[in-house]
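Visitor: Attaching a predicted model along with its sequence, questions to come.
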Amino acid sequence: MPDRRATALLAAALALVLALAPAGCAYFNTFSNAKKYYREAENLPRGPDGDVTPTARKKYDQSITKCQKLMDLYPASGLVDDALLLMSRAYFQKREYGRCLNRLGELDERFPDHEFGEEVLYMRGVCQLENGDESRAIAALTRLADEHPESKHLAEGLFRIGEAEYRLGNWEEAAAAFANLLARVDRGEWNDKARLRIAHALRELDRDEEALAALAELSARGEDRRRIFEGQMLRAEILLDLKRYAECRAIMADILDVAANYQSRPEALLLDARIDEQEGKLDEAIVLLENIAQEFPRSLHAAEAWYRIGLIRQVRHRDLEGAVQAYEQVSRELPRSVFTDLANTKKRAIQEYLDVRAQFGEEAPDSSAAIMQFRLAENQFLRLEDPEAAVPEYRKVLDLYPESSQAPSAAYALCYIYRYSLADTAAALAAVDYLRENYPDSEAAAYVARWPQQLGSAP
């Protein structure tokens, strides 16, 4: 017969195994379900903006709930670190970056020797960047690139370093970071984005020719058709600023044919209208802008179209009443927008200008005349942002009221406009000479004393 003591020990051991089995199976099953919900969420399609759909969000939430249950019921299990990482991933995918950072911090604090360094650095860097903490994002993503050079997140990490520098206004550092991505990664979705951002950074540095070269490389080597299209749009804008209209028109011929494919037809048409305007085809520009407003009513594009019509009428046609009508139409298209605010500001400035003119005429008979005339000039320059129209208004202060206290300021305003707004060196030097000769003891004369040396001889 078997030893009773041995039999009793075997029975006790079996009872202990049976007692522990449910708990062990439970926390494994809980974590298995958490992973299952996460996988299901990952396999669902994303929305048009790349965000998760409500169905996917629900799956991520279920995964988070299961992970939290495991941590609450089985805090001593060997899966708590895995649960924290999975929760971080789920919050990351839902773009709840603050909660993701909290869980990543908890993971580092409770398990300082965990083996998830690569993924933690990646998620932390992205979350910090999206939360506006660019400096810490750069530090985390630089560690990712240095410590995990073979990471699957390397390209995105390098791109986001450049993006963080760009947001900080560090254009040189941004361009260098994007170039570093291109040097370290042969190809991929982030490469085309980097070439496009290099062009943006170079443009901020007023290095337009280099920006055009970067965009040419994007067109030649790019694989992402949308980025290539965006690059062509930017290339056309740069060429427009450089007044290279023939090249700009050649690019626009291609852009307008495909813009609808990228939901960018109104932006392309607005750019085409700007080309018409700069080439002096003002009537064509207005017709095109009116067509844009009709084709895309009650939109930001319609608001911009009417705002630009107002600018043409105000600045190019000198039709202030017609400009007011266009500016009023901006509010009808979109009561709240940046173009609505700009239009309302200009409308008020024009109305003030017209009211002063109606009240005082060309020459006011009393001592307030110089003040009123100076206000008219300031209105044109500062509020209506029309330096060419401001010049004759400032000149009237000097011609009609040369002894007034406003005269030195008007003379200085002409120096400033010619130098900075109109880039007319000869006129700027002449204005400086006039100011120093007629108002030698004024603060304005002292301020421009070094301008002749700075500007050099007039051409």
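Guide: Noted; the coordinates are in hand. Numbers count the residues shown, from 1 in each chain.
Visitor: Surely residue 137 is in contact with residue 122?
Guide: No - taking contacts as Cβ atoms under 8 Å, residue 137 lies outside contact range of residue 122: 10.9 Å. (C-beta placed from N, C-alpha, C; glycine too.)
Visitor: ok, now how distant is residue 187 from residue 310?
Guide: Separation of residue 187 from residue 310 (Cβ to Cβ, to the nearest Å) stands at 46 Å.
Visitor: Check residue 355 too.
Guide: Between residue 355 and residue 310 the distance is 18 Å, computed by Cβ to Cβ.
Visitor: repeat for residue 374
Guide: Applying Cβ to Cβ, one obtains 25 Å for the distance of residue 374 from residue 310.
Visitor: likewise residue 102?
Guide: Summarising the geometry, the distance separating residue 102 from residue 310, computed by Cβ to Cβ, is 49 Å.
Visitor: Could I get the contacting residues of residue 200?
Guide: Residues near residue 200 by Cβ atoms under 8 Å, 6 or more residues apart in numbering: 166, 211, 234.
Visitor: Can you report how many residues neighbour the last one?
Guide: Residues near residue 234, counting by other Cβ atoms under 10 Å, number 19.
Visitor: Quick check: it touching residue 197?
Guide: No - with the criterion set as Cβ under 8 Å, residue 234 and residue 197 do not qualify as a contacting pair; they are 10.4 Å apart.
Visitor: between residue 187 and residue 310, which one's more packed in?
Guide: Neighbour tally, residue 187 and residue 310, criterion other Cβ under 10 Å: the higher count belongs to residue 310, 28 against 12.
Visitor: so where does the more buried one fall, helix or strand?
Guide: Assigning secondary structure by DSSP states H and E places residue 310 in helix 300-311.
Visitor: And that helix, how far out from the chain middle?
Guide: 21 Å (Cα atoms, centre = their mean, to the nearest Å).
Visitor: got a list of contacts for it?
Guide: Residues lying outside helix 300-311 but in contact with it, judged by Cβ under 8 Å, 6+ apart, are 266-267, 270, 273-274, 277, 285-286, 289-290, 292-293, 296, 323-324, 326-327, 329-330, 333-334, 337, 339-340, 342-343, 346.
Visitor: In helices, which of those appear?
Guide: Secondary-structure check on the contacts of helix 300-311 using DSSP state H: residues within helices are 266-267, 270, 273-274, 277, 285-286, 289-290, 292-293, 323-324, 326-327, 329-330, 333, 339-340, 342-343, 346.
Visitor: Can you report how many residues lie near residue 152?
Guide: By other Cβ under 10 Å, the residues close to residue 152 number 11.
Visitor: Likewise for residue 415?
Guide: By other Cβ under 10 Å, 24 other residues sit near residue 415.
Visitor: and the gap between it and residue 286?
Guide: When distances are taken as Cβ to Cβ, residue 415 and residue 286 turn out to be 34 Å apart.
Visitor: And the protein, split by domain according to the record?
Guide: Following the assignment in automatic domain parsing, the chain carries domains at 273-360, 379-459.
Visitor: Tell me which of these lies nearest to residue 242.
Guide: domain 273-360 (10.8 Å; Cβ to Cβ).
Visitor: I'd like the domains of the chain laid out as a markdown table, including distance to residue 85 and mean pLDDT.
Guide: Formatted as a markdown table, the domains of the chain follow (distance: least, Cβ to Cβ, whole Å; pLDDT from 0 to 100):
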| stretch | distance to residue 85 | mean pLDDT |
| --- | --- | --- |
| domain 273-360 | 41 | 90 |
| domain 379-459 | 54 | 88 |
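Visitor: would you turn those domains into a markdown table with distance to residue 204?
Guide: Below are those laid out as a markdown table (distance: least, Cβ to Cβ, whole Å):
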| stretch | distance to residue 204 |
| --- | --- |
| domain 273-360 | 20 |
| domain 379-459 | 19 |
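Visitor: burial measure for the closest residue in space to residue 259 that isn't next to it in sequence, as a count.
Guide: Counting by Cβ to Cβ, 6 or more residues apart in numbering, residue 268 is the residue found nearest to residue 259 once chain neighbours are left out, at 3.8 Å. Neighbourhood size, residue 268 [other Cβ under 10 Å]: 21.
Visitor: Touching, residue 268 and residue 255? I think so.
Guide: Yes - counting by Cβ under 8 Å, residue 268 sits close enough to residue 255 to count as a contact (5.2 Å).
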